[in-house]
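Visitor: Fold the stuff below for me.
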Amino acid sequence: MITSKKIKHYSAALLASGLLAACTPSSTIDKLHGEGIMPPQLTPRSASYDDLTNLPQPKGKIVAAVYNVKDQTGQYRAAPASTFSTAVSQGATSMLTQILNESGWFLTLEREGLQNLLTERKIIRAALKKNQAHSNNDQDLPSLLSANILIEGAITAYETNLKTGGSGARYFGIGASELYRSDQVTVHLRAVDIRTGQILNTVSTSKTIFSKQVSADVFRFVEFKRLLEMEAGYSRNEPAQLCLMSAMESAVIHLITQGIEDNHWQLATHEGRDHPVLSRYLQETPEESLNPFVIASQE
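Guide: Coordinates of the predicted model:
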């Protein structure tokens, strides 16, 4: 016989199951399984990419070389990940090369795979030499371009758990909670004049990596020796490599704007100085430290 008390228990269970179902991103799960697997797509970009591609045009493109952007963080992924898995991407050089090309300000030369390039040029020279022996055509391989500036830098910091927190509630075995965590990656870049070795500009940018977890569960005895237990949830983490790329995009824009201010390179038109992107980045200043353990100096 179903009593009114049991009806209340079943009603609470059904209500909880409905809430759990609402919290579950079922459409996303359907896309990730079966025939709904999402096809490959171009890497998504952040708002800094729009600023990068909307910069005013330069008077002439700057021939730049990028050799190696090192990971100097010394950080590895937390357990249970492998101790050999680093916290940040090791492809920073490829990222920076792509960003420089996409800015429209730089003509980037191949330096990361320079040895491979030289090997292929030797093969071409050998073929040309063999053809010249059987013909009167004087063909020669043009020399490689030399760069005007050298773009160097490193990933200098990866800080975890800068901010953590959350909230939750539970009533008669039915509860829900939300947790969040923020990390931070820092990039340093510098532009060096190859003729003199002078460092023209340096810049440091940081990007927050945000993670969020939402969960809901039911743990309740609906009858004697009958336990109802359900749980659902999801988590969302910003990809560290996309945050690293966004920090690099911002650093490149700052290098360009600082170079314009210092007359290291010029805009195509004088009106370009009033461009909204340049104005916004020139007015940007480092924010004050939010670390409660840092004591600001007082006059």
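Visitor: Which stretches in the stretch 1-150 of the chain count as strands?
Guide: Taking DSSP state E, counting those that start in this stretch, the strands of the stretch 1-150 of the chain run over residues 62-65, 69-71, 106-109, 149-171.
Visitor: for these, which one sits closest to residue 253?
Guide: Nearest to residue 253, of all the strands of the stretch 1-150 of the chain, is strand 106-109, at 12.1 Å by Cβ to Cβ. (Each C-beta comes from the backbone N, C-alpha and C, glycine too.)
Visitor: Would you reformat the strands of the stretch 1-150 of the chain as TSV and include mean pLDDT?
Guide: Formatted as TSV, the strands of the stretch 1-150 of the chain follow (pLDDT from 0 to 100):
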stretch	mean pLDDT
strand 62-65	95
strand 69-71	90
strand 106-109	94
strand 149-171	90
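Visitor: For these, give me JSON lines that also has distance to residue 269 and mean neighbour count.
Guide: Shown next, in JSON lines, are the strands of the stretch 1-150 of the chain (distance: least, Cβ to Cβ, whole Å; neighbours: other Cβ atoms under 10 Å):
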{"stretch": "strand 62-65", "distance to residue 269": "17", "mean neighbour count": "20"}
{"stretch": "strand 69-71", "distance to residue 269": "32", "mean neighbour count": "19"}
{"stretch": "strand 106-109", "distance to residue 269": "19", "mean neighbour count": "19"}
{"stretch": "strand 149-171", "distance to residue 269": "22", "mean neighbour count": "15"}
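Visitor: can you put the ones you listed in a markdown table and add distance to residue 117?
Guide: What follows is these, written out as a markdown table (distance: least, Cβ to Cβ, whole Å):
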| stretch | distance to residue 117 |
| --- | --- |
| strand 62-65 | 12 |
| strand 69-71 | 19 |
| strand 106-109 | 10 |
| strand 149-171 | 17 |
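Visitor: Tell me which of these sits nearest to residue 84.
Guide: If we rank the strands of the stretch 1-150 of the chain by Cβ to Cβ, the stretch that ends up nearest is strand 69-71, at 13.2 Å.
Visitor: which residues are in contact with the closest one?
Guide: For strand 69-71, the surrounding residues in contact (Cβ atoms under 8 Å, 6 or more residues apart in numbering) are 86, 88, 90, 92, 93, 95, 96, 152, 153, 154, 155.
Visitor: how does it look with 6 Å?
Guide: By Cβ atoms under 6 Å, 6 or more residues apart in numbering, the residues outside strand 69-71 that reach it are 88, 90, 92, 93, 96, 153, 154, 155.
Visitor: my guess is the last one contacts residue 88, does it?
Guide: In other words, residue 155. Yes: using Cβ atoms under 6 Å, residue 155 is in contact with residue 88, at 5.4 Å.
Visitor: Report the set of residues contacting both of the two.
Guide: Common neighbours of residue 155 and residue 88 (Cβ under 6 Å, 6+ apart) are 71, 73.
Visitor: Select the longest strand from this structure.
Guide: The residue-count maximum for a strand in the chain (DSSP state E) belongs to strand 199-223.
Visitor: I'd like the average pLDDT over stretch 41-51.
Guide: Stretch 41-51 comes out with an average pLDDT of 88.
Visitor: Distance from the chain centre to it, please.
Guide: 10 Å (Cα atoms, centre = their mean, to the nearest Å).
Visitor: Could you export it as PDB, CA atoms only?
Guide: The C-alpha trace of stretch 41-51 is given here as PDB (Å, rounded to 0.1, in the frame of the first residue of the first chain):
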ATOM      1  CA  GLN A  41      37.400  22.200 -37.500                       C
ATOM      2  CA  LEU A  42      39.700  25.100 -37.400                       C
ATOM      3  CA  THR A  43      41.100  26.000 -34.000                       C
ATOM      4  CA  PRO A  44      38.800  28.500 -32.300                       C
ATOM      5  CA  ARG A  45      40.400  31.800 -31.400                       C
ATOM      6  CA  SER A  46      39.800  34.400 -28.700                       C
ATOM      7  CA  ALA A  47      38.900  38.100 -28.800                       C
ATOM      8  CA  SER A  48      42.700  39.000 -29.100                       C
ATOM      9  CA  TYR A  49      42.700  37.300 -32.500                       C
ATOM     10  CA  ASP A  50      40.200  39.900 -33.800                       C
ATOM     11  CA  ASP A  51      42.500  42.700 -32.500                       C
END
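Visitor: what about the stretch 101-250 of the chain, any weak spots by pLDDT?
Guide: Low-confidence segments of the stretch 101-250 of the chain, defined by pLDDT under 70: 133-139.
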